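>>> Fold the stuff below for me.
(2 chains)
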Amino acid sequence: MYLSTPAFRRNRRALGLAAVCAALVLAAAGCGSSSNSSNSGSSGGGSTANAANTTSGANVSAAQAIVAQASQRPASITVTKPVGKPIPTGKKIVFISCGAAACELQGNIVAQAAAMLGWKSSTIATNGTPAAIQAAYETALREGVDGIVTTAALRAEIESQIPQLVAKGIPVSDASSTDPISPPFIYNTSTAPQNATIGKYLAAEVVADSKGKANALYVNLPAYTILAPLGSAFESDLKQLCASCGYGSIGVPLPQLANASTLIVSYLRSHPSVNYVVLSVADALDPGLPAALSAAGLSHVKIVGQGGGPTEFGYLTNGQELALVPYDDYDVDYQMIDALARHFAGVPVQLTPPPLWLITKSNLPANHSAIFPMVADYQSQFLKLWGKQ
Amino acid sequence: MRGRPSMAARVRHGLSFNTIGAVYVLIAIIVVFSIWVPSTFPTIATVKQVLNSNAITALAALAITIPLATRTFDLSFAYTITLSGVVTAHFLTDGTPLALAVLLGLAVGVVIGVVNATVVVAMRIDSFIATLATGSLIQALITMATNDTPIVNVHLQGGFAKIGQTNIGGITLPVFYALIVALALWFVLEHTATGRRFYATGFNPDAARLAGVRVDRLRFISLIVSGSLSGATGIVLASTIGSGDPTAGTAYLLPGFAAAFLGATQLKHGRFNAFGTIIAVLLLGTGVVGLGLANAPQWAANMFVGVVLIASLAVTGIQRRSTGATPWRKQLSFARLRRSATAG
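Next up is the predicted model:
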């Protein structure tokens, strides 16, 4: 009889293992479906109603007003007070690069800003690992720098270097950090609370564009904790502007970035009423997404997002993407240098957010083959504050 | 003298867990998700999504199948994918005709293949370290050339976009490219003397050399093949995303190797082979799509890949031990090797 044959016995073990595998997959799917499937909102549907352009609980007029304001290219940098005292020249600063592509670009901008103040600047490249970051601070200490510029620094990561930095009075000017400002750190911009405004702009764009009939999927990169308030703000502002609009979210772990499009398409197929995808980090989540949506017959789903670079600007131009709020590397880097300048001049630093601009196909600058500053003449405005013009 | 196995025995062997364990795991996964998300998973749209979203991974994994068959690693393939895409985008942006830009992108892959082969074969540096090093050099070149800024231009739309974005009946062209490459590799590896020599080189290079196989030449060629296929993959990827992205290929490094190694447990008992690789890509891709449709938490996809890799390899291992099958290296007698090497 087959049940007593060696063939059955060996297949039984193999089948048992396959069954365990299937059970684990089932368990994963089961856990998941109860956790983040909150996209139950209707895709709108309400009746368009009154003179105030309110659609079934949606304040489209308010959303349009926010969009109109956010779509204006910022004319001024956010730092407003002139330094008012001579800024020492001859300072030696370093930019400690985080290892990501964007950080490499920042090194050049920092060097340019430093040169305008008569400072010497160099970049210490890292691969982003804690050991490399610590080594970079050690190098900076050995080189006897006067100041450090960096991004997304973690105090815990450089705990052993902090006492030396403080003892030598070496200030660190930072951006996109989740830590509070305390010595040796003197400055932080593009902070988590400041990023909430981006969520507000994106929510308004979605409500205005859909005329109160949006059902949005927010795609988060949980590893970027700095962006958590952006997601919260998007959800709360969406509900505030459009109570009847739907909202759901998924998180994409960094090791699954290559599958981001697949995960988004899967979610959209299982939630066919979703008509907007909101990307927390467009640079990372966007490449290939329009093509994936198109191949899956989901071209009607519109994409908006935070960040973005030339690839995403191309998507805007082609109508494959609706709107972006890009990160302003230029202004952020000049703000960090401005903070050092004020510190060296003995003037209090001005803690301001970077300028934000909601960009669509209609207001995208003609030359968008590279990243661009939000404030066109940001450089001359900073030079005025520094007394260099 | 033992005769040729009967047709029934061959079919039984072909369908056994030992031969296609991953297919049974795939079937189990399909059943599970069909029960769990019956409205969206068991549909043609899911089939299309699995195929479309995994075509680039399949191309990447196929690119390294031949060097792996000769027991040679090519860790630089992901960077080659990036560089060829960037180079093609660069030339298109400069107004170079589409065909020429594509050829230049392909040439980049070939050149990298030659460099890898020179370092590994001529300089006798272990392929794992050598291609790790050349990968690092390629990344440096990419950064130098692009300043880590994606290359975007109107010339990347139109004809170039069609290379990766055209779809026929909902199936995008990269799926067909992967199928064509798989067929070509299958033919070379299974039906030519060169293919048998590739395997002989991988099984036991010293024995193969003694049997008259030109081991170094085959390893040299295998790295050129992986460079060329990686270059082609990079062009397809750049067309799909619409830009020359300086980080586009990096994400395919681990999925490519995972698929190739899982594929080696299928169909050919420890040999890296084209359709085993395709089965592996489909298995991993189906799970990721299913988990997405089931709204699984963000850790589920990584857990799935890990569990499936271990389960599939263990299932195959259990079967081999139970049947007393010996590892492929031991199966090869010197006489068989010599026969294979000198055939054709």
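>>> contacts and neighbour counts: CA atoms only from here.
Will do.
>>> Let me see the ranges of the strands in chain B.
Along chain B, counting by DSSP state E, strands occupy B:167-168, B:171-172.
>>> Please convert those strands to CSV, extending it with mean neighbour count.
Shown next, in CSV, are the strands of chain B (neighbours: other C-alpha atoms under 10 Å in any protein chain shown):
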stretch, mean neighbour count
strand B:167-168, 14
strand B:171-172, 23
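>>> Mind checking those for the one nearest to residue B:73?
strand B:171-172 (29.6 Å; C-alpha to C-alpha).
>>> which residues sit against the closest one?
A:295, B:48, B:51, B:52, B:164, B:165, B:166 (C-alpha atoms under 8 Å, 6 or more residues apart in numbering or on different chains).
>>> cool, stretch B:141-150 as well?
So stretch B:141-150 is contacted by A:101-102, A:104-105, A:309-311, A:370, B:82-83, B:86, B:243-246 (C-alpha under 8 Å, 6+ apart).
>>> Run through chain A and note the low-pLDDT ranges.
Low-confidence segments of chain A (pLDDT under 70): A:1-57, A:99, A:101-102.
>>> in it, which residue is closest to the centre?
residue A:281 (4.6 Å; C-alpha atoms, centre = their mean).
>>> In the stretch 51-200 of chain A, mark out all the strands, start to finish.
Remark: strands assigned in the stretch 51-200 of chain A by DSSP state E, counting those that start in this stretch are A:54-55, A:58-59, A:92-96, A:120-124, A:147-150, A:172-175, A:185-189.
>>> In the stretch 1-150 of chain B, what residue comes closest to chain A?
Going by C-alpha to the nearest C-alpha, chain A is nearest to residue B:148 of the stretch 1-150 of chain B, at 5.3 Å.
>>> for the stretch 101-250 of chain B, same thing?
Residue nearest to chain A within the stretch 101-250 of chain B: residue B:241 (4.0 Å; C-alpha to the nearest C-alpha).
>>> Now the phi/psi pair for the residue nearest to the centre of chain A, please.
phi -140, psi 90 (degrees, to the nearest 10).
>>> show me what contacts it?
Here residue A:281 is in contact with A:220, A:221, A:305, A:306, A:307, A:308 (C-alpha under 8 Å, 6+ apart).
>>> can you check residue A:217 too?
Residue A:217 sits next to A:39, A:247, A:248, A:249, A:250, A:274, A:276, A:277, A:278 when contact means C-alpha under 8 Å, 6+ apart.
>>> so which of those residues also contact chain B?
residue A:250 (C-alpha under 8 Å from any C-alpha of the partner chain).
>>> And residue A:236, how far from chain B?
22 Å (C-alpha to the nearest C-alpha, to the nearest Å).
>>> In terms of helices and strands, where is that residue?
Using DSSP states H and E, residue A:236 sits within helix A:228-241.
>>> ok, the closest residue to residue B:195 other than its chain neighbours - how many residues close by?
The spatially closest residue to residue B:195, leaving aside those adjacent along the chain, is residue B:189, at 3.7 Å (C-alpha to C-alpha, 6 or more residues apart in numbering or on different chains). Neighbour count of residue B:189, defined by other C-alpha atoms under 10 Å in any protein chain shown: 23.
>>> before we move on, back to that, is it possible to get JSON lines of the strands of chain B that adds mean pLDDT?
JSON lines is the format used below for these (pLDDT from 0 to 100):
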{"stretch": "strand B:167-168", "mean pLDDT": "91"}
{"stretch": "strand B:171-172", "mean pLDDT": "94"}
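>>> In CSV: those strands, plus distance to residue B:32.
CSV is the format used below for those (distance: least, C-alpha to C-alpha, whole Å):
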stretch, distance to residue B:32
strand B:167-168, 29
strand B:171-172, 25
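>>> Quick one: the helices in the stretch 151-300 of chain B, in order.
B:159-165, B:173-191, B:193-203, B:205-210, B:215-241, B:253-263, B:274-293, B:300-323 (DSSP state H, counting those that start in this stretch).
>>> Same check on chain A?
Listed in chain order, the helices found in chain A under DSSP state H are A:6-33, A:60-70, A:101-116, A:130-143, A:162-167, A:192-210, A:228-241, A:260-270, A:282-285, A:289-295, A:310-317, A:329-345, A:378-385.
>>> and the stretch 201-350 of chain A, which residues reach chain B?
A:250-253, A:255-259, A:261-264, A:266-267, A:269-270, A:287-292, A:295-296, A:309-311, A:314.
>>> Can you tell me which residue of chain B sits closest to chain A?
Closest point on chain B to chain A, by C-alpha to the nearest C-alpha, is residue B:296, at 3.4 Å.
>>> how many other residues sit next to that residue?
So residue B:296, with other C-alpha under 10 Å, has 28 neighbours.
>>> Now do stretch B:175-184, average pLDDT.
When pLDDT is averaged along stretch B:175-184, the result is 97.
>>> what comes up buried for that stretch?
By neighbour count on 16 or more other C-alpha atoms under 10 Å in any protein chain shown, the buried set for stretch B:175-184 is B:175, B:176, B:177, B:178, B:179, B:181, B:182.
>>> contacting residues around residue 154?
Since you didn't name a chain, this refers to chain A. A:177, A:178, A:179.
>>> The intended chain is chain B.
So residue B:154 contacts A:314, B:93 (C-alpha under 8 Å, 6+ apart).
>>> and it, what pLDDT?
At residue B:154, pLDDT is 79.
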